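Novice: sequence and predicted structure are below.
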Amino acid sequence: MAEIKLMKGNEAVAEAAIRAGCDAYFGYPITPQSEVIEYLMMERPEDRTGMVVLQAESEIAAIHMVYGAAAAGKMAMTSSSSPGISLKEEGISYMAGSELPAVIVNVVRGGPGLGTIQPSQADYFQTTKGGGHGDYRLLVLAPASVQESADFVADAFRLAFKYRNPVMILSDGVIGQMMEKVIMPEQTPRLTDQEIIEKYGDWATTGKPDDKERNIITSLELDPYKQELHNIKLQAKYTQMQEEEVRYEMINCEDADYILVAYGSSARISQKAMDLARAKGIKVGIFRLITLFPFPSEQLNDLAGRVKGFLAVEMSAGQMIEDVKLAIEGKTKAVHFGRYGGVIHSPEEILEALEQKLIGG
Amino acid sequence: MDIKDIIKPENLVYTKTKNMTDKVLSYCPGCGHGTAHNITMEVLEDMGITHNTIGVAPVGCSVLAYEFMNIDMQQAAHGRAPAVATGIKRVWPEKYVFTYQGDGDLAAIGGNETLHACNRGENIVIIFVNNGIYGMTGGQMAPTTLQGMQTSTSPYGREIETMGSPLKMTELIAQLPGVHFVTRQAVHTPGAVRKAKKAIRKAFEIQKEKKGLAFVEIVSNCNSGWKMTPVESNIWMVDNMFPYFPMGDIKVDGKLVK
């Protein structure tokens, strides 16, 4: 039954995973996302749905446990924060190469290096351009609320299996730690072993029946011409994602002269900045990215023809702004405003940047 | 009796296991991997568990094990096979899961994954082929390379002061309570092959009985990497590898031998 709860974003991810019918979670503690595994351990999903939860010896081991479970047709996930995600990139690249479905949550903190435990959006490049080695993409969902943190889990699994590709939920320290009201979805039953064999038996390693060819999960192909063909197949999936999965939200864009482009907690803060601007008579709208890959390039390009400029608001030194500029093809002005290293921008700072860097600049 | 009589089904005394494909092995002639593959696959057939088994191939010479083992298999990143096997076994506890790894994969880059999968007592089988060298990449030093042994990255011989001692991973993990059975075998003689097969059978029986982790090391030769003929390499292995990596059971029924 659907239920209304007051939860942290991280807890919402964990509860939503159980309710999505997830088969296994493998993780390793790191601030600011440890609540995900803590909640799961406390909740004993093994008793509720039969879901497996295991604390691995490292982020690396955790992602490869996900690899093993996913390659055996199960719904597997992991979560971490920036330095831990860097460690997971090996496994993520292998999963993209082996075409495995999985959900990875990154509750981003400031970097580089060990950085800080405060919120950040500085993993945008890493997340949207691949992250590990090789030509690949993740489908990236960016929640801007605790509700979306919950809703995107089942969605991410659906997309992961649709494309047989890892999907990342790119949260941040604000979204992960803040508490909000959340309407939890009803429990979706886990697939039975028999259902998994019927649904995914053509590729998953669940044991080779006598009357069938074996299934092999590998990203290795030594013949470069065959490896190129494999890469072309992967690229076709990313193209399909661009055609079918772009998601965004436009707030007050109809009459807007200026657009704040943002995602995650930056988009939340931008709403207040928009209100402040409109109170001063500046017509501001918000273009909130929900998918970071695929990027809503066409939609931004359309807007670019009828507005005076874009302000990319990010908790980074300027990463998403590059994609905004590529999208609008120089049709209008686009400037970046960011606080970073764990610092969160205030609505007043955003308004000031809008007035000085975009309108006055 | 002509050839037609000889090949009659009723005269059949020996056949290749169906669990090996017909693909030509990519291993160097004389290498022990082919035999180690074969006896592992025979055990699955003998136990009637082929359809219920998922194997994990490593990175190294046996990276292509899935080309030769005719079962469902996953290829793991370098060293991560025990983590991958953990992931499979935890979600399919009734399936048989094993890893097949070399010394670089298991004892160097995968040291942590090996240690912790063993410590958790994952109910899996680990087959560890130790030939004291990185064969695939062209004969570099491995954690199990013997003192003084020349490789392309220890061209003047392995020097303990700067390169450390050869790692006895098998003795190390035998100390862990989660590990139920640990043995060291070889495949250089018919007798050794029979013993090694028996040990692998025992390892899978332990998994069947859900008693914990079973670990079978197979000390093997690498004639190409050691720059010897196959026969010379086997003699060298007996004279040099066996004294440092002695044959036999190390832990049986969860108890250290001796």
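Specialist: Sure, I can see it. Because the structure is a prediction, the values reported are computed rather than measured. Residues are numbered from 1 along each chain as shown, chains lettered A, B, ... in the order given.
Novice: show me what contacts the residue of chain B found nearest chain A?
Specialist: Residue nearest to chain A within chain B (Cβ to the nearest Cβ): residue B:87, separated by 2.8 Å. Bear in mind the C-beta positions are built from the backbone N, C-alpha and C, glycine included. Residues near residue B:87 by Cβ atoms under 8 Å, 6 or more residues apart in numbering or on different chains: A:24, A:26, A:64, A:65, A:66, A:67, A:68, A:69, A:70, A:72, A:76.
Novice: please repeat the previous calculation with a cut-off of 6 Å.
Specialist: A:65, A:68, A:69 (Cβ atoms under 6 Å, 6 or more residues apart in numbering or on different chains).
Novice: again with residue B:233
Specialist: Applying Cβ under 6 Å, 6+ apart, the residues contacting residue B:233 are B:221, B:223, B:226.
Novice: again, only using 7 Å
Specialist: Taking Cβ atoms under 7 Å, 6 or more residues apart in numbering or on different chains as the criterion, residue B:233 is in contact with B:30, B:221, B:222, B:223, B:226.
Novice: could you dump the residues you listed to JSON lines with secondary structure?
Specialist: Shown next, in JSON lines, are the contacts of residue B:233 (DSSP: H, G, I helix; E, B strand; the rest coil):
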{"residue": "B:30", "secondary structure": "coil"}
{"residue": "B:221", "secondary structure": "coil"}
{"residue": "B:222", "secondary structure": "coil"}
{"residue": "B:223", "secondary structure": "helix"}
{"residue": "B:226", "secondary structure": "helix"}
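Novice: now the residue of chain B closest to chain A: closest residue in space, sequence neighbours ignored.
Specialist: residue A:68 (2.8 Å; Cβ to Cβ, 6 or more residues apart in numbering or on different chains).
Novice: just to revisit the earlier point, roughly how far does the residue of chain B closest to chain A sit from residue A:158?
Specialist: Separation of residue B:87 from residue A:158 (Cβ to Cβ, to the nearest Å): 21 Å.
Novice: just give me the neighbour total for residue A:280.
Specialist: 10 (other Cβ atoms under 10 Å in any protein chain shown).
Novice: I'd like the distance between it and residue B:126.
Specialist: 68 Å.
Novice: let me know the secondary structure of the residue nearest to residue B:87.
Specialist: Recorded secondary structure, residue A:68: helix (three-state DSSP).
Novice: quick one: the helices in chain A?
Specialist: A:9-19, A:35-43, A:45-48, A:59-71, A:82-98, A:124-128, A:146-163, A:173-177, A:193-200, A:224-244, A:264-279, A:297-304, A:320-328, A:347-353 (DSSP state H).
Novice: and the angle for the first one with helix A:264-279?
Specialist: If I follow you right, that is helix A:9-19. Relative orientation of helix A:9-19 and helix A:264-279, computed by axes from the mean of the first three to the mean of the last three Cα atoms, to 10 degrees: 120 degrees.
Novice: just to revisit the earlier point, which of the helices of chain A sits most buried?
Specialist: helix A:59-71 (a mean of 31; mean count of other Cβ atoms under 10 Å in any protein chain shown).
Novice: any idea of the mean pLDDT for that helix?
Specialist: For helix A:59-71, mean pLDDT rounds to 98.
Novice: and the angle from that helix to helix A:35-43?
Specialist: 70 degrees.
Novice: elements contacting helix A:59-71?
Specialist: strand A:24-27, strand A:76-80, helix A:82-98, helix B:81-91 (3 or more Cβ pairs under 7 Å, 6 or more residues apart in numbering or on different chains; DSSP states H and E).
Novice: which stretch among those comes nearest residue A:307?
Specialist: Proximity to residue A:307, assessed across those by Cβ to Cβ, is greatest for helix A:82-98 (32.9 Å).
Novice: could you dump that closest one to PDB, C-alpha only?
Specialist: Presented in PDB, the C-alpha positions along helix A:82-98 are these (Å, rounded to 0.1, in the frame of the first residue of the first chain):
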ATOM      1  CA  SER A  82      32.100  10.700  -5.100                       C
ATOM      2  CA  PRO A  83      35.400   9.100  -4.000                       C
ATOM      3  CA  GLY A  84      33.600   5.700  -3.800                       C
ATOM      4  CA  ILE A  85      32.100   6.200  -7.200                       C
ATOM      5  CA  SER A  86      35.600   6.700  -8.600                       C
ATOM      6  CA  LEU A  87      36.500   3.300  -7.300                       C
ATOM      7  CA  LYS A  88      33.400   1.800  -8.800                       C
ATOM      8  CA  GLU A  89      34.100   3.200 -12.300                       C
ATOM      9  CA  GLU A  90      36.000   0.000 -13.200                       C
ATOM     10  CA  GLY A  91      33.000  -2.200 -12.600                       C
ATOM     11  CA  ILE A  92      30.600   0.400 -14.200                       C
ATOM     12  CA  SER A  93      32.700   0.300 -17.400                       C
ATOM     13  CA  TYR A  94      32.700  -3.500 -17.400                       C
ATOM     14  CA  MET A  95      28.900  -3.500 -17.000                       C
ATOM     15  CA  ALA A  96      28.400  -1.000 -19.800                       C
ATOM     16  CA  GLY A  97      30.700  -3.200 -22.000                       C
ATOM     17  CA  SER A  98      28.900  -6.400 -21.000                       C
END
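Novice: hmm, that helix in reach of chain B?
Specialist: Yes. Using Cβ under 7 Å from any Cβ of the partner chain, helix A:82-98 reaches chain B at A:90, A:91, A:94.
Novice: mind giving me the packing neighbours of that helix?
Specialist: Here helix A:82-98 touches helix A:59-71, strand A:102-108, strand A:166-172, going by 3+ Cβ pairs under 7 Å, 6+ apart.
Novice: chain B against chain A: which residues are in contact?
Specialist: B:50-54, B:63, B:66, B:70-77, B:80, B:83-88, B:90-92, B:95, B:112-113, B:116.
Novice: 6 Å - rerun?
Specialist: B:51-52, B:54, B:66, B:70-75, B:77, B:80, B:83-84, B:86-88, B:90-92, B:95, B:112-113, B:116 (Cβ under 6 Å from any Cβ of the partner chain).
Novice: follow-up on the earlier one: including distance to residue B:13, could the helices of chain A go into a markdown table?
Specialist: Formatted as a markdown table, the helices of chain A follow (distance: least, Cβ to Cβ, whole Å):
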| stretch | distance to residue B:13 |
| --- | --- |
| helix A:9-19 | 55 |
| helix A:35-43 | 56 |
| helix A:45-48 | 50 |
| helix A:59-71 | 39 |
| helix A:82-98 | 41 |
| helix A:124-128 | 60 |
| helix A:146-163 | 49 |
| helix A:173-177 | 66 |
| helix A:193-200 | 37 |
| helix A:224-244 | 40 |
| helix A:264-279 | 69 |
| helix A:297-304 | 69 |
| helix A:320-328 | 68 |
| helix A:347-353 | 83 |
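Novice: out of these, flag the one nearest residue B:146.
Specialist: Using Cβ to Cβ, the nearest of these to residue B:146 is helix A:59-71, at 29.2 Å.
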